[in-house]
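A.B. asks: Fold the following and give me the result.
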Amino acid sequence: MFKREYHYVCPNCGYEGPAPIQGPGKLLWVVLFALVWNAWLFHRIGLEWEALVACLVALVSGWLAFKLPRWVVCPACSWKHPLDRLERQKRGL
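C.D. replies: Numbering: from 1, shown residues only. I've put the predicted structure just below:
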């Protein structure tokens, strides 16, 4: 969602310096916003059960989106290095 920079040493080319961290794409967040919007529209027209289901789907999907893997892309050679859970917890990502 947000691009963050990370001090990175590339094992492929030896680059050392800041590198962006990438994760779920922006389109995923647009789809989640559309689910919330649909839930609000369902609520406005009185379809409370459908609104509740749409809200639950949006909440679970948002939680799962934060659990998707993240990776560091080397600016020099464009090599992708996945961040494991321990490294993500250590960096607070």
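
A.B. asks: centre of the chain versus the helix or strand harbouring residue 51, how much separation?
C.D. replies: Counting by DSSP states H and E, the element that carries residue 51 is helix 48-67. In terms of C-alpha atoms, centre = their mean, to the nearest Å, the centre of helix 48-67 is set 15 Å apart from its chain centre.

A.B. asks: Just the helices from the chain, written as ranges.
C.D. replies: Remark: helices assigned in the chain by DSSP state H are 26-44, 48-67, 85-91.

A.B. asks: what would those helices look like in JSON lines with distance to residue 73 and mean neighbour count?
C.D. replies: All C-beta atoms are positioned from the backbone trio N, CA, C, and that covers glycine. As requested, the helices of the chain are exported to JSON lines (distance: least, C-beta to C-beta, whole Å; neighbours: other C-beta atoms under 10 Å):
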{"stretch": "helix 26-44", "distance to residue 73": "16", "mean neighbour count": "14"}
{"stretch": "helix 48-67", "distance to residue 73": "19", "mean neighbour count": "14"}
{"stretch": "helix 85-91", "distance to residue 73": "15", "mean neighbour count": "11"}
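
A.B. asks: Grab the nearest non-local neighbour of residue 50.
C.D. replies: Leaving aside its chain neighbours, residue 50 sits nearest to residue 42 (4.4 Å; criterion: C-beta to C-beta, 6 or more residues apart in numbering).

A.B. asks: Could you list the domains of the protein?
C.D. replies: Residue ranges for the domains of the chain, per automatic domain parsing: 1-23+71-93, 25-68.

A.B. asks: Least confident of the ones you listed, on average?
C.D. replies: For those, mean pLDDT drops lowest on domain 1-23+71-93, to a mean of 74.

A.B. asks: sorry, back to before: spit out the contact partners of the residue nearest to residue 50.
C.D. replies: 48, 50, 51, 54 (C-beta atoms under 8 Å, 6 or more residues apart in numbering).

A.B. asks: Which elements pack onto the helix holding residue 51?
C.D. replies: helix 26-44 (3 or more C-beta pairs under 8 Å, 6 or more residues apart in numbering; DSSP states H and E).
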